[in-house]
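1. Here is a sequence together with a model predicted from it:
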Amino acid sequence: MASLLITHIGTLVGLHPKEQLMLRGPEMSHLPTLEDAWLLCENGLISDFGTMDALPGKLPNDLETLSAEGGYVLPSWCDSHSHIVFAAPREEEFVMKIAGKSYEEIAAAGGGILNSAAKMQQATEEALFETAAIRLNDMIQQGTAALEIKSGYGLSVGSELKMLRVIRRLKESFPIPIKASFLAAHAFPIAYKNNHQGYISQIIDEMLPQISAEGLADYMDVFCETGFFSVEETDQLLTAAAKYGLKPKIHANQLSVSGGVQIGVKHQAISVDHLEATDEAAIAALSNGNTIATLLPSCSFYLGIPFANARALIQANAPVALASDYNPGSTPSGNMNFVLSLGCIKLKMLPEEAINACTLNGAAAMELSRETGSITKGKKANLIITRPISSLAFLPYSFGQSQIKTIIINGKIR
Ligand SMILES: N=CN[C@@H](CCC(=O)O)C(=O)O
Ligand SMILES: [Zn+2]
């Protein structure tokens with residue numbers, strides 16, 4: 001594999017030591033940088049870096065050189081929450097929202113997740129793979145190079161397995177790390193509206209054993225929310241998943257204070273995600289803990305719901321990650337550059353905090369921070385090279401304007 005030397009880097013950003021696997025509270029504002037730098041990629045990994053006045057004397061033979069021309073170099077975005085496998089977009093609901101209907105009203109009228117589930121029954125694995133691959137390629141071009149993808153539009157044994165097999169194929173076909181979360185507990189199918197235990201038994205007795213036998217999921221997810229899965233039902237599902245070694249990453253407190261945060265923490269969830277409706281008890285549950293609060297500001301932006309209280313979480317010494325939530329209903333965008341801007345503009349995170357939340361803490365929310373998420377020797381050479389910009393703050397400040405000039409994946413120009 002050819003080696004790549006990137007020279008004339010205006011500022012190299014995110015030089016965390018390899019032992020730093022996650023950042024919490026005040027640590028999140030610490031984003032080490034190096035000015036006027038070079039960086040060497042060998043065998044797909046970051047092998048060395050330094051300042052331009054001390055370029056390495058001995059260089060590999062098969063070396064390709066690329067000048068960053070004064071641009072910034074950052075670790076690629078690590079997006080730890082997405083639903084990019086879906087059968088069809090839902091613009092009709094977008095228009096209903098413009099006319100004043102809420103997410104809950106649309107869902108109660110048979111739209112929402114059930115709308116996507118109905119379309120999923122008909123979709124072929126091939127079509128699902130092709131459309132998800134287009135979305136994923138777009139995301140990679142926008143700087144994402146590690147991704148979590150959920151099932152959850154199947155809501156039946158066959159369709160949930162179909163979604164997870166599509167995610168497995170994406171894992172095999174793309175050069176970036178991908179993690180799969182099993183989210184059959186996303187909504188109750190209509191046939192089980194008044195028989196919650198019937199559907200929960202199907203998840204526990206039929207889906208989990210097959211998924212485990214085929215190794216199709218890395219995590220268990222539940223939408224713990226009023227009108228969806230209760231705290232008791234979430235507890236039951238997470239207990240069952242633990243028997244198959246599936247750790248939780250759950251949807252909590254999106255539309256109301258659901259108790260989802262506390263039940264996630266009780267089950268040592270890797271992350272509890274959303275938290276738009278978080279109260280003091282939920283913040284206290286995350287304070288000083290290892291469960292990551294993954295905030296999804298594009299969802300608040302699109303649905304017009306409150307933004308999560310990032311400042312209170314950071315104040316409480318919690319680890320905070322930012323992710324896209326790319327899905328057809330609440331967030332039809334996987335652009336992490338916009339997530340970064342919203343993190344600063346709406347969640348009042350400092351640029352350094354928001355960048356750490358989109359990189360190292362995002363990687364940690366997928367248990368990938370040993371291999372990606374910072375500029376650290378031995379980690380994947382997955383990089384974003386920007387145009388020359390006036391400061392780090394310019395990146396989130398210039399919202400909606402791409403500053404990305406080149407994407408590097410596994411040490412190769414993409
Ligand atoms: N809230 C649950 N799941 C998705 C939305 C799903 C949908 O509307 O299709 C979310 O994270 O926002
Ligand atoms: Zn989600």
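-> Nice, I can see it. Numbers count the residues shown, from 1 in each chain. Ligands and ions are numbered 1, 2, ... in the order given.

2. Close to ligand 1: what parts of the protein are there?
-> 83, 112-113, 116, 223, 251, 254, 299, 325, 327-330 (CB under 6 Å from any ligand atom). For the C-beta atoms, the positions are set from N, CA and C on the backbone; glycine is no exception.

3. and the residues you listed as JSON lines, adding pLDDT and neighbour count?
-> Converted to JSON lines, those look like this (pLDDT from 0 to 100; neighbours: other CB atoms under 10 Å):
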{"residue": "H83", "pLDDT": "98", "neighbour count": "28"}
{"residue": "G112", "pLDDT": "94", "neighbour count": "21"}
{"residue": "I113", "pLDDT": "95", "neighbour count": "24"}
{"residue": "S116", "pLDDT": "97", "neighbour count": "26"}
{"residue": "F223", "pLDDT": "98", "neighbour count": "23"}
{"residue": "H251", "pLDDT": "98", "neighbour count": "30"}
{"residue": "Q254", "pLDDT": "97", "neighbour count": "26"}
{"residue": "C299", "pLDDT": "98", "neighbour count": "28"}
{"residue": "D325", "pLDDT": "98", "neighbour count": "29"}
{"residue": "N327", "pLDDT": "98", "neighbour count": "25"}
{"residue": "P328", "pLDDT": "97", "neighbour count": "22"}
{"residue": "G329", "pLDDT": "96", "neighbour count": "25"}
{"residue": "S330", "pLDDT": "96", "neighbour count": "23"}
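
4. Tell me which of those residues fall in strands.
-> The strands, defined by DSSP state E, take in 223, 251 from the residues of the chain next to ligand 1.

5. Now for L5, how many residues are close by?
-> 20 (other CB atoms under 10 Å).

6. What of E280?
-> Burial of E280 is recorded as 11 neighbouring residues (other CB under 10 Å).

7. average pLDDT across the helix or strand in which P209 is found?
-> Per DSSP states H and E: P209 is located in helix 208-214. Here helix 208-214 scores 98 as its mean pLDDT.

8. Please apply the same query to stretch 300-314.
-> 97.

9. now do the same end-to-end measure for that stretch.
-> 19 Å (CA to CA, to the nearest Å).

10. Contact partners for Q315?
-> G25 (CB atoms under 8 Å, 6 or more residues apart in numbering).

11. From ligand 1, how far out is it?
-> 25 Å (CB to the nearest ligand atom, to the nearest Å).

12. Ligand 1: which of the residues of the chain next to ligand 1 is nearest?
-> Proximity to ligand 1 was ranked across the residues of the chain next to ligand 1 by CB to the nearest ligand atom; first place goes to G329, at 2.2 Å.

13. Spit out the contact partners of the closest one.
-> So G329 contacts 90, 93, 103, 112-113, 115-116 (CB under 8 Å, 6+ apart).

14. Identify the residue nearest K266 in space, chain neighbours excluded?
-> Once flanking residues are discounted, K266 sits nearest to D235: 7.6 Å by CB to CB, 6 or more residues apart in numbering.

15. Would you confirm that P189 contacts Y199?
-> Yes - if you go by CB atoms under 8 Å, P189 and Y199 touch, sitting 6.3 Å apart.

16. Pull the most distant pair out of the contacts of G329.
-> Y103 and S116 (13.2 Å; CB to CB).

17. in the protein, which residue is closest to the centre?
-> Nearest to the geometric centre of the chain sits S80, at 2.0 Å (CA atoms, centre = their mean).

18. before we move on, the earlier item: tell me which residues of the helix holding P209 are tucked away?
-> 208, 211-212 (16 or more other CB atoms under 10 Å).

19. out of those, which one sits closest to ligand 1?
-> Distances from ligand 1 to these, taken by CB to the nearest ligand atom, are shortest for I211, at 19.1 Å.

20. ok, the residue nearest to the centre of the chain to ligand 1 distance?
-> Applying CB to the nearest ligand atom to S80 and ligand 1 gives a distance of 12 Å.

21. Also P56?
-> P56 is 45 Å from ligand 1, where distance means CB to the nearest ligand atom.
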